[in-house]
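**Student:** What would the 3D arrangement of this be:
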Amino acid sequence: HSGERPHRCGHCGKGFGHGSELAKHQRLHSGQRPFGCGKCGKSFGWSSDLAVHQRVHTGERPFSCGECGKSF
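**Tutor:** Got it, this is the predicted structure:
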């Protein structure tokens, strides 16, 4: 809760409170994409992006428009 950000990115200087946050951030600069889709092989830097992508294969549409009801 102190707001300190002692872990600094050597590339852009952005600070982070935890080393794990810095490690995730550094994927932006390195292009590392450790999360791969088991169906098509496409890879992502973030697990959340992989989860969204997997909906392409499952057909899941978890959201719907409040006005027309169309799912997306």
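
**Student:** Can you tell me how far C40 is from S47?
**Tutor:** Distance, C40 to S47, by Cβ to Cβ, to the nearest Å: 16 Å. The C-beta positions use only the backbone N, C-alpha and C, and glycine is treated the same way.

**Student:** Would you mark the buried spots in stretch 14-31?
**Tutor:** Buried positions in stretch 14-31, judged by neighbour count with 16 or more other Cβ atoms under 10 Å: 16, 22, 25-26.

**Student:** Now flag whichever of these is closest to V52.
**Tutor:** V52 has its nearest neighbour among these in H25, at 19.7 Å by Cβ to Cβ.

**Student:** what's the residue lying closest to the closest one once chain neighbours are set aside in contact with, if anything?
**Tutor:** Once flanking residues are discounted, H25 sits nearest to C9: 5.9 Å by Cβ to Cβ, 6 or more residues apart in numbering. Applying Cβ atoms under 8 Å, 6 or more residues apart in numbering, we find C9 in contact with 15-16, 22, 25-26, 29.

**Student:** Next, give me the two most distant ones among the residues you listed.
**Tutor:** Farthest pair in the contacts of C9, by Cβ to Cβ: G15 and H29, 14.8 Å.
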